[in-house]
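Structure for the following, please:
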Amino acid sequence: MVVCILVLYRYWYSAKIDNQTVSLGENYVRTICGDVYEELIYTYEVCETTSDNPYVDPYDDKDYDGSGEPNNGTQQVQKFNTDELTADQKQKLEDAIEILEENCLGKALIDAIENVKIKIGTSIDSAGGAYVPETNTIGFKSDRHISSDILGAELMHAYQQQLYGTLDDISSSSDHKGGSNIEFEEKAFNIQKDILNGEGMLTFPGEEKLTAWLIDIEIKYSNKTLNLSSSDLSGWYNALESFQQFHKGNKKDMYGAPIDYNQKPDAILNLMNKTKELDC
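You can find the predicted model right below:
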């Protein structure tokens, strides 16, 4: 069987400043099918946001405007503590869950999550959502920010806390050691989700090696359980180092925090293995 993966690279070399679009770096679509490579050049614009909350993804809500037709939702919302949500907010959450579950990795994540509380209207600076490990709570900035992308990113952090139990310690430590591991693994979830969708993926600077690593792993373990070799793990940490170095000067989040080389990427590996068991 030949495995073909469509990869959309978007190199974020500049942004939109004062409503003026600044020229951006090269972007291309690469179709990987054996040794065949096809490239196309694209342009686009991106606006950057930042946040002081350690587990806010500043890219989560950059394209989301709250639009879209509601759907029938799913009963998976019952897995969450939604006591503080209105009926309309619960419906929006169900809609986001249903969209997330359309992706096999998203479904694996929803299935794995336990006892997460959902709140709306929390103070989380400019980003659309945040995870608070001390209370196991995901907060959305407003109703319009309840989206599958934001939900997936913050649920990944909730799953990391459920599995590792270290996110609260990392956020409260002086140097936030291991914070880059946590954020990097969340990026891996987003990229792998796009790989499974088969419609291309969004890759920011610092994540190029991670994208290549995930593609290699997807091909290498396409029909078997992921059991990473020492070489596979070396590739993961090499990609993590590139990510951490790219963000090292950013004091607003955990991306550039010191790496914990004892922390293996068990959360994403568990979910990737779970997708092989699911009928999706």
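
do you know how far G198 is from D279?
17 Å (C-beta to C-beta, to the nearest Å). To be clear about C-beta, it is placed using only N, CA and C from the backbone, and glycine gets the same treatment.

These two: which is more packed in?
G198 (10 against 5; other C-beta atoms under 10 Å).

could you measure that one against E114, distance?
On the measure of C-beta to C-beta, G198 and E114 end up 30 Å apart.

Repeat that for L210.
27 Å.

more neighbours, those two?
Counting neighbours by other C-beta under 10 Å for L210 and for E114 shows that L210 has the greater number, 24 against 10.

residue contacts, the more buried one?
By C-beta atoms under 8 Å, 6 or more residues apart in numbering, L210 lies in contact with F184, K187, A188, I191, T203, A239, L240, S242, F243.

Give me the buried stretch members for the longest helix along the chain, please.
If you go by DSSP state H, the chain has its longest helix at helix 179-197. By neighbour count on 16 or more other C-beta atoms under 10 Å, the buried set for helix 179-197 is 179-196.

just checking, what packs against that helix?
On a contact count with 3 or more C-beta pairs under 8 Å, 6 or more residues apart in numbering; DSSP states H and E, helix 179-197 meets helix 104-112, helix 148-164, helix 167-172, helix 208-220, helix 230-246, helix 266-275.

orientation of it relative to helix 230-246 in degrees?
Orientation of helix 179-197 against helix 230-246 (axes from the mean of the first three to the mean of the last three C-alpha atoms, to 10 degrees) gives an angle of 110 degrees.

quick one: average confidence on helix 179-197?
Per-residue pLDDT over helix 179-197 has a mean of 96.

could I have it exported to PDB, CA atoms only?
The C-alpha coordinates for helix 179-197 follow below in PDB (Å, rounded to 0.1, in the frame of the first residue of the first chain):
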ATOM      1  CA  GLY A 179       6.900  23.600  29.700                       C
ATOM      2  CA  SER A 180       8.300  23.400  26.200                       C
ATOM      3  CA  ASN A 181       7.600  19.600  26.300                       C
ATOM      4  CA  ILE A 182       4.000  20.200  27.100                       C
ATOM      5  CA  GLU A 183       3.400  22.900  24.500                       C
ATOM      6  CA  PHE A 184       5.300  20.900  21.900                       C
ATOM      7  CA  GLU A 185       3.200  17.800  22.400                       C
ATOM      8  CA  GLU A 186       0.100  19.900  22.100                       C
ATOM      9  CA  LYS A 187       1.400  21.100  18.700                       C
ATOM     10  CA  ALA A 188       2.000  17.500  17.800                       C
ATOM     11  CA  PHE A 189      -1.700  16.700  18.500                       C
ATOM     12  CA  ASN A 190      -2.800  19.500  16.200                       C
ATOM     13  CA  ILE A 191      -0.500  18.500  13.300                       C
ATOM     14  CA  GLN A 192      -1.300  14.800  13.600                       C
ATOM     15  CA  LYS A 193      -5.000  15.700  13.600                       C
ATOM     16  CA  ASP A 194      -4.400  17.500  10.300                       C
ATOM     17  CA  ILE A 195      -2.400  14.500   8.900                       C
ATOM     18  CA  LEU A 196      -5.300  12.200   9.600                       C
ATOM     19  CA  ASN A 197      -7.700  14.600   8.000                       C
END
